[in-house]
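Novice: Take this sequence and fold it.
(4 chains)
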2 protein chains.
Amino acid sequence: MMRLTKKADYALLAMKCLAEHSEGVSLSAKDIADEYHIPQQVLAKLLQRLTKAGLLISHAGTHGGYSLARASDEISAFEVIRAIDGPLFITSCITVHGECDLTRSCTIKEPLRRVNDTIRDVLSAMRLSDLRENDTEARRELVSLR
Amino acid sequence: MMRLTKKADYALLAMKCLAEHSEGVSLSAKDIADEYHIPQQVLAKLLQRLTKAGLLISHAGTHGGYSLARASDEISAFEVIRAIDGPLFITSCITVHGECDLTRSCTIKEPLRRVNDTIRDVLSAMRLSDLRENDTEARRELVSLR
DNA sequence: TGATATAGGACGCTTTTGGTCGGGTTTCTA
DNA sequence: TAGAAACCCGACCAAAAGCGTCCTATATCA
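Specialist: Numbering: from 1, shown residues only, chains lettered A, B, ... in the order given. The predicted model follows:
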């Protein structure tokens, strides 16, 4: 339940990968797909969407590829996820129009909206720079889980 | 993205409905389904699952029905959602086994697990008693949104 | 001019979701 | 004690979403 799509996972991985390289360097869809064993065509389309969302800059042609449109600490996980999975709504109740197809006496809408906001805030606070490989603190926590 | 299923919505509504009645009173699946225009058979199965999860107590027979197994401030939204939608995992990366089918150099797992925990905490803090109809504070907020 | 990229539409397979149908069992009550 | 009213539960179906592939077009560079 309430799971990010695999595509959003892929996108986060790819963005993190780009964030690990020095600014301006560009990687091709193939480069990234190979590193993480993601189907190349799938990743290609994800990167295209991230580009259209203004999070990446693309360069066509030989030795082309993608690079971050902004510094890695100025791109949030929320932006990446939203670009791929669409707007964040925890419940079908909450839509872009704010409507609810159930009866008006539905009072669970408002508390759930607050949950929604919390999730959005947490994801917004999480920057690409927080995901980098050389985050030793995260590494240690990770290992301790096994 | 990251949406609760309609069934979880239904379940929350039903639980809230039961929470609004004085303790011990039991409502039938039909009663609740009619009030919120939920397909009766769908709701019936949801209530059965909530019963198996220990959140409801069922009474068969004429004038039977369901009642909360605990006080409304001792049942969290998280429990209801988990009973219906299954365990909460924000990403396909995080499974019950803690495995990850991507490469080991996947460092986004740990930060996402923290997001996961946050969502779980927020939902756990939300009790059925917080969802009740006569929560005037929530009411006011709701109206102010229009 | 050919190789290497991005850009993007069309399709198909699989899983999930939302819902129905039909047949049980339990309990109350007339 | 029969039947009505409720819970219980598996099987099934249709629609939607998710995931991936194929194919073609376009841009850029050596």
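Novice: residues contacting A:L131?
Specialist: A:L12, A:M15, A:K16, A:A19, A:A77, B:T107, B:I108, B:P111 (C-beta atoms under 8 Å, 6 or more residues apart in numbering or on different chains). Where C-beta positions appear, they are placed from N, C-alpha and C, glycine not excepted.
Novice: Now narrow those residues to whatever sits close to DNA strand D.
Specialist: Filtering these for proximity to DNA strand D by C-beta under 7 Å from any atom of the strand leaves nothing.
Novice: A:P39: neighbour count?
Specialist: A:P39 has 9 neighbours, counted by other C-beta atoms under 10 Å in any protein chain shown.
Novice: And A:A8, by the same measure?
Specialist: 24.
Novice: And for A:V25?
Specialist: Counted with other C-beta under 10 Å, residues neighbouring A:V25 total 12.
Novice: again with A:S58
Specialist: 17.
Novice: Doesn't it belong to a strand?
Specialist: Yes. Counting by DSSP: H, G, I helix; E, B strand; the rest coil, A:S58 is part of a strand.
Novice: Quick check: closest non-adjacent residue to it.
Specialist: Nearest non-adjacent residue to A:S58, counting by C-beta to C-beta, 6 or more residues apart in numbering or on different chains: A:T51, 4.8 Å away.
Novice: for A:R70, same thing?
Specialist: Leaving aside its sequence neighbours, A:R70 sits nearest to A:L55 (C-beta to C-beta, 6+ apart; 7.5 Å).
Novice: Pretty sure A:G64 is one of the things the residue nearest to A:S58 touches, is it not?
Specialist: No. Using C-beta atoms under 8 Å, A:T51 makes no contact with A:G64, being 11.8 Å away.
Novice: neighbour-wise, which of those two wins?
Specialist: For the pair A:T51 and A:G64, the greater number of neighbours falls to A:T51 (15 against 12), based on other C-beta under 10 Å.
Novice: Could you verify that that one is part of a strand?
Specialist: No. Counting by three-state DSSP, one finds A:T51 to be helix, located in no strand.
Novice: Show me where chain A has its strands.
Specialist: For chain A, the strands defined by DSSP state E cover A:56-59, A:65-68.
Novice: So which residues on chain A come close to DNA strand D?
Specialist: So far as C-beta under 7 Å from any atom of the strand goes, chain A lies against DNA strand D at A:5-7, A:10, A:39-42, A:45, A:59-64.
Novice: restrict these to those near chain B?
Specialist: Among the residues of chain A next to DNA strand D, the residues lying close to chain B (C-beta under 8 Å from any C-beta of the partner chain) are A:T5, A:K6.
Novice: What subset of the residues of chain A next to DNA strand D is buried?
Specialist: Listed as buried from these are A:T5, A:K6, A:K7, A:Y10; burial here means 16 or more other C-beta atoms under 10 Å in any protein chain shown.
Novice: Excluding chain neighbours, what is closest to the third one?
Specialist: By that I understand A:K7. Excluding the flanking residues, the one nearest A:K7 by C-beta to C-beta, 6+ apart is A:I84, at 5.2 Å.
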